[in-house]
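Q: Here is my input; please provide its structure:
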Amino acid sequence: MKLQYPDKQKEIIEKLVKEFSKVHNNEKRIDLLWWYDIASGIENIEVTEQIMKDIKAI
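A: Next up, the predicted model:
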């Protein structure tokens, strides 16, 4: 089942991915999924992972 999330959360993750695109590749983002979860303020690892999959960041 695909998790639902607000557009605002997606925007935050997209911004983080864009800002760190020069130092984080897809593999590194998988390792740092916990960091993106905390930095975004979402604090729900499953939602953060779903968003990152949806925007093809991991």
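
Q: After the helix or strand of the chain with the lowest mean pLDDT, which helix or strand is next? Please name it.
A: The weakest-scoring helix or strand in the chain, judged by mean pLDDT, DSSP states H and E, is helix 26-31 (a mean of 95). Once helix 26-31 ends, the next helix or strand along the chain (criterion: DSSP states H and E) is helix 33-40.

Q: pLDDT (mean, whole number) over that next one?
A: For helix 33-40, mean pLDDT rounds to 97.

Q: chain center to the helix or strand just after it, what's the gap?
A: Going down the chain from helix 33-40, the next helix or strand is helix 45-54, by DSSP H and E. Its chain's C-alpha centre and that of helix 45-54 lie 6 Å apart, by C-alpha atoms, centre = their mean, to the nearest Å.

Q: same deal with stretch 31-49?
A: The answer for stretch 31-49 is 6 Å, by C-alpha atoms, centre = their mean.

Q: Now do the buried residues in it.
A: Applying a neighbour-count criterion of 16 or more other C-beta atoms under 10 Å, the buried positions in stretch 31-49 are Tyr36, Asp37, Ser40, Ile42, Val47, Thr48, Glu49. C-beta: built from backbone N, CA, C; applies to glycine.
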